[in-house]
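1. Sequence and computational prediction follow.
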Amino acid sequence: MGKTYFIGIGISQYQYISKLPNAVKDVKDIFELLIEKYQFTNERSIFLFDEEATREKIILLFDELVQKTTEKDSILIYYSGHGHLNNKTKRGFWIPVNAKPNKSDQFIRNSTIRNYLEDIQSHHTLLISDSCFSGSIFVKGKIRSHYTMNELDSRKSRWAFCSGRHDEFVYDGPPGENSPFAKSILDVLKRNENKFLNTLKLVDEVTSLTSSKYRQLPEGNPIYDCGHEGGQFIFKDKKSNTIVSRPVQYGENPNIKNHEKRKLNPKNRTLVFVLSFVAIASLIYIFFPIEEPPIIDNPGNNQLTEDEILIYNLIDERDDKHYQYFLAKDSNYWMMQNLAYDLNGHTYFPNNDESLVDSFGLLYNWNQAQIACPIGWRLPTDKEWRQFAFLHGGYEDFGGPEYNKSNHGYRNLIAGGKSKFEALLAGYRIESGEFYNYGTTGAYWTSTALDDIVNAEIGKGKYARVFEFDGSKKVISRSYDALGKANSCRCVKLK
């Protein structure tokens, strides 16, 4: 039997870019659970937190692992910090604590990490990375093995489990809590009652849990060309030999012998049910208080049924295109079609297909969207979008609470829904030129820029609020996108 090592790298207090309040906490919380329940120990753990997590010290740590580990050992490496993606090369990086924005020579390439994973002569190596663009470490397609648990343990493995796809921003979570990815890992590890938990099962359960609640999709796969031979890291429960007693059944007193058992009479059963319901409802209210809905300044057209709402016509004087608009429940006049005004070639076809423009409009980056609306019209603010979505059924905040019912809002506002809005799933274009998610996603710009998000690649104040219609989950999400991304536009009438 070899040794099992835990390597934890967490960076919350970045020196030159935005801080990540939960990064160090995530690493500590996961390690505490691992030593409590699984085969890990304090003696075989190494940590680099905050000011210790410089590029030099991270590299030296990997050098030490190359020298220290044997072919019988297993290693779990957990990184929680910022990531960076080069839009041109699609290559990813870790960002050390003292790295400066746009200084990729101060970052650590994913390819460097991959080389170390090949050089470390461990039996199993599992890398878990909770950072933006962490999925860029993968270079080949997915392969799923179907070996028995013993075979998985006996075969050499190199796996990575990342909190998001190669081009995806991920959420850090509310300060003082855990990131959605870390929270899902903790939930799965705590809930596991099996003697062994293999990597693929962890990946599948965490991915399902995270993607069902948040707008990010974790990815876990073997890392090829690094010594992977089809195995998987196995989490082994320390208490696997304990006998689990049979649970006590409803209405049963465990202190009464079998021949003395008696059932609760119907009146008592009803009383127990009512009291239990009240107690549970009280606890839910205490620990999960209801969020305040968006402030509604003017209920506007809220009393009219959809059939009673009048539809008006608009001709854009700049290109003679025809649009329709209606008075919505928030008292604003909203366009019913996606904007399709060509800004002298500085706009984009949905899915890069010109034939889609008549139906789906054009895609605009945020700066283009500010000047694209017809005379007398403008881009709606974040607050206006919130009120509009809330009054038509609801929406959810990315990584946060749900206001009203986001699936109801989607059902009412999507094309073919009950409202006159007719939202379309035109997809989007990222700044490097690729088009994604035509037919499954429709993202709409607001006029509200964000100045409090810092990204190592493109600096401060380069994001704006968007409302995204997710065709796979059938929800509306309030999120943010980089200003260079091209999304759809709907305009509201100036008052």
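-> Noted; the coordinates are in hand. Residues are numbered from 1 along each chain as shown.
2. Could you use CA atoms for every contact and neighbour count after this?
-> Noted.
3. for the protein, what spans make up the helices?
-> 23-37, 55-68, 110-119, 149-154, 180-191, 199-213, 266-287, 357-360, 366-369, 382-391, 406-413 (DSSP state H).
4. what's around I375, how many residues?
-> Under the neighbour criterion other C-alpha atoms under 10 Å, I375 is assigned a count of 12.
5. do you know how far it is from S359?
-> 22 Å (C-alpha to C-alpha, to the nearest Å).
6. do I113 as well
-> Distance from I113 to S359, by C-alpha to C-alpha: 46 Å.
7. Compare neighbour counts for those two and give me the winner.
-> Remark: of I113 and S359, I113 carries more neighbours, 17 against 13, as counted by other C-alpha under 10 Å.
8. Find the nearest non-adjacent residue to S472, please.
-> Nearest residue to S472 in three dimensions, chain neighbours excluded: T440, at 6.3 Å (C-alpha to C-alpha, 6 or more residues apart in numbering).
9. quick one: contacts for that neighbour?
-> Contacts for T440 (C-alpha atoms under 8 Å, 6 or more residues apart in numbering) come out as L425, A426, G427, D470, G471, S472.
10. what residue ranges in this protein score low on pLDDT?
-> Filtered on pLDDT under 70, the chain yields the residue ranges 1, 132-148, 164-172, 212-216, 240-309, 398-402, 404, 406, 451-461.
11. what about the longest strand in it?
-> Counting by DSSP state E, the longest strand found in the chain is strand 441-450.
12. Contacts for that one next, please.
-> Here strand 441-450 makes contact (C-alpha under 8 Å, 6+ apart) with 366, 369-370, 379-382, 385, 423-428, 461-471, 487-490.
13. for stretch 379-388, same thing?
-> 294-296, 328-330, 369-370, 373, 395, 445-448, 465-467, 478, 489-492.
14. what do you get if the cut-off is 6 Å, keeping everything else the same?
-> D330, T446, S447, T448, C491, V492 (C-alpha atoms under 6 Å, 6 or more residues apart in numbering).
15. same check, this time on stretch 478-492
-> Stretch 478-492 is contacted by residues 333-335, 338-339, 363-366, 377-380, 397-398, 428-431, 443-445, 462-467 when judged by C-alpha under 6 Å, 6+ apart.
16. Return the subset of those residues lying in strands.
-> 333-335, 377-378, 397, 428-429, 443-445, 463-467.
17. and the residues you listed, which two are the farthest apart?
-> Farthest apart among the ones in strands among the contacts of stretch 478-492 by C-alpha to C-alpha are Y333 and R429. That separation is 27.6 Å.
18. which one of the two has more residues nearby?
-> R429 (25 against 19).
19. Next, work out how far apart L126 and T69 are.
-> Going from L126 to T69 by C-alpha to C-alpha gives 14 Å.
20. more crowded one of those two?
-> L126 (23 against 19).
21. Assess the claim that that one and F161 are in contact.
-> No: the criterion here is C-alpha atoms under 6 Å, and L126 misses it with F161 at 7.6 Å.
22. picking up where we left off before, so among the contacts of stretch 379-388, which ones count as buried?
-> D330, T446, S447, T448, C491, V492 (16 or more other C-alpha atoms under 10 Å).
23. any idea how far F93 is from the third one?
-> What it means is S447. For S447, the distance to F93 (C-alpha to C-alpha) stands at 31 Å.
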